[in-house]
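K.L.:
quick one: sequence plus predicted model below, questions after.
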Amino acid sequence: MRVRALIALFAILGRLAARVPHTAAVRLCAVGGTLWYFSSPTARAAVIDNLRHILHRPPTSSEVRAVFMCGALNYWDIFSLPYLSRAELLRLIEIQGLENVDQALTNGHGAILVTCHLASVSLVGQVLPALGYRLSGLLEPIEPPELLDFFVAQREAFGARLLPATPYALRELVAALRRNEVLGLVTDRDINGTGPVIPFFGAPTTFADGPAALSVRTGAPILAAIARLRPDGRFDGIFEPPITIERSGDPKQDVLLLTRAVAERLEYHIASHPQQWTVFQKRWPDAQSG
């Protein structure tokens with residue numbers, strides 16, 4: 001019963017959010033994010049630790065609060081998705097490098113877009129399906145199932161297909177690539193902790209290698225796709241050229257090399273906008289803190 005009430009509240013918030021100009025939403029989420037910052041000591045400690053790795057110094061309280069403000073905006077934008085028109089969505093996003101996606105698809109093996117938790121990545125991720133591209137992705141496990149279904153529906157508002165991360169989903173992703181479709185994978189967190197240990201901002205941590213494994217297996221190119229909040233309250237949606245490595249001939253080694261290359265591209269963008277990186281769990285083992 002509580003879950004149903006929560007979902008009903010989210011739906012009401014979404015209808016309201018879609019009617020608010022995005023510049024005003026940024027200001028409202030600054031207030032909401034500040035309240036979140038003060039009320040969540042565990043998340044606050046995680047953000048402090050993450051920023052310390054990125055900045056190579058202790059972050060200021062304003063830098064930490066900015067992450068919570070951006071996180072609040074991310075949720076605001078997720079709630080509003082089903083109530084935005086295609087024109088309203090596209091007005092919010094300045095697209096750069098779409099030709100790189102089109103070029104990648106000419107090989108007939110699909111394209112794998114890797115991204116990170118920068119800005120409102122869920123909203124900006126809708127731009128390709130809104131433009132008519134067939135896009136599939138994965139959603140982190142959420143309990144209870146009713147809440148997972150709600151967030152899947154929110155993020156499928158413009159035609160994307162989101163699958164829970166299961167072995168079945170892996171088969172579906174491979175099938176999508178074989179149909180020359182696009183995958184969108186958020187890969188800056190290793191949810192299961194089973195990826196290889198690689199340097200990330202100069203400290204070792206596990207990194208998800210699923211996109212690299214899919215690329216090596218299917219021949220689909222990997223491109224970094226980045227969301228970035230602009231000063232005017234809109235977003236940049238950036239599609240980079242394919243990430244390439246010198247192939248070793250050993251599939252396992254190639255997966256590792258490609259995972260490192262992905263991490264380096266995401267590291268670059270996160271370092272450029274650390275206060276927009278909305279990861280509220282410690283990204284590095286405690287032994288590496290600081």
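P.N.:
Looks like it came in fine.
K.L.:
only C-alpha atoms for contact and neighbour calcs from this point on.
P.N.:
Will do.
K.L.:
and the helices in this structure?
P.N.:
Assigned by DSSP state H, the chain shows helices spanning 2-18, 22-39, 41-55, 61-80, 86-91, 98-105, 121-124, 127-130, 145-155, 167-178, 210-218, 251-272.
K.L.:
looking at those helices, which is closest to Pro231?
P.N.:
helix 22-39 (9.3 Å; Cα to Cα).
K.L.:
and the helices of the chain as a markdown table, adding mean pLDDT and mean neighbour count?
P.N.:
Output for the helices of the chain, formatted as a markdown table (pLDDT from 0 to 100; neighbours: other Cα atoms under 10 Å):
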| stretch | mean pLDDT | mean neighbour count |
| --- | --- | --- |
| helix 2-18 | 82 | 15 |
| helix 22-39 | 96 | 17 |
| helix 41-55 | 98 | 20 |
| helix 61-80 | 96 | 22 |
| helix 86-91 | 95 | 14 |
| helix 98-105 | 98 | 16 |
| helix 121-124 | 94 | 24 |
| helix 127-130 | 97 | 20 |
| helix 145-155 | 81 | 16 |
| helix 167-178 | 91 | 16 |
| helix 210-218 | 96 | 19 |
| helix 251-272 | 97 | 18 |
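K.L.:
of those helices, which is nearest Lys282?
P.N.:
Closest among these, using Cα to Cα: helix 41-55, at 4.6 Å.
K.L.:
can you report phi and psi for the nearest residue to Gly110 once chain neighbours are set aside?
P.N.:
Spatial nearest neighbour of Gly110, chain neighbours left out: Asn180 (3.7 Å); criterion: Cα to Cα, 6 or more residues apart in numbering. The phi and psi values for Asn180, taken as degrees, to the nearest 10, are phi 60, psi 40.
K.L.:
before we move on, what about Ser248?
P.N.:
With angles defined as degrees, to the nearest 10, Ser248 sits at phi -90, psi -20.
K.L.:
thought it was touching Leu256?
P.N.:
No - under the criterion of Cα atoms under 8 Å, Ser248 makes no contact with Leu256, lying 10.6 Å away.
K.L.:
so what's the residue count around the nearest residue in space to Leu223 that is not next to it in sequence?
P.N.:
The shortest distance from Leu223 to any non-neighbouring residue, by Cα to Cα, 6+ apart, is to Pro242 (4.5 Å). Pro242 has 18 neighbours, counted by other Cα atoms under 10 Å.
K.L.:
distance-wise, check Pro242 relative to Leu118.
P.N.:
Going from Pro242 to Leu118 by Cα to Cα, to the nearest Å gives 20 Å.
K.L.:
returning to what we had before: rebuild the helices of the chain as a markdown table, extending it with distance to Gly202.
P.N.:
Listed next are these as a markdown table, based on distance: least, Cα to Cα, whole Å:
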| stretch | distance to Gly202 |
| --- | --- |
| helix 2-18 | 39 |
| helix 22-39 | 27 |
| helix 41-55 | 8 |
| helix 61-80 | 20 |
| helix 86-91 | 37 |
| helix 98-105 | 29 |
| helix 121-124 | 25 |
| helix 127-130 | 33 |
| helix 145-155 | 33 |
| helix 167-178 | 31 |
| helix 210-218 | 21 |
| helix 251-272 | 10 |
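K.L.:
and those helices: which comes nearest Thr278?
P.N.:
Thr278 lies closest to helix 61-80 among the helices of the chain, at 5.4 Å (Cα to Cα).
K.L.:
the inter-axis angle of that closest one versus helix 145-155?
P.N.:
If you take axes from the mean of the first three to the mean of the last three Cα atoms, to 10 degrees, helix 61-80 sits at 90 degrees to helix 145-155.
K.L.:
other SSEs contacting helix 61-80?
P.N.:
helix 2-18, helix 22-39, helix 41-55, helix 121-124, helix 145-155 (3 or more Cα pairs under 8 Å, 6 or more residues apart in numbering; DSSP states H and E).
K.L.:
again, only this time at 6 Å
P.N.:
helix 2-18, helix 22-39 (3 or more Cα pairs under 6 Å, 6 or more residues apart in numbering; DSSP states H and E).
K.L.:
the longest one - contacts with which helices or strands?
P.N.:
Put plainly, it is helix 22-39. Short answer (3+ Cα pairs under 6 Å, 6+ apart): helix 22-39 packs on helix 61-80.
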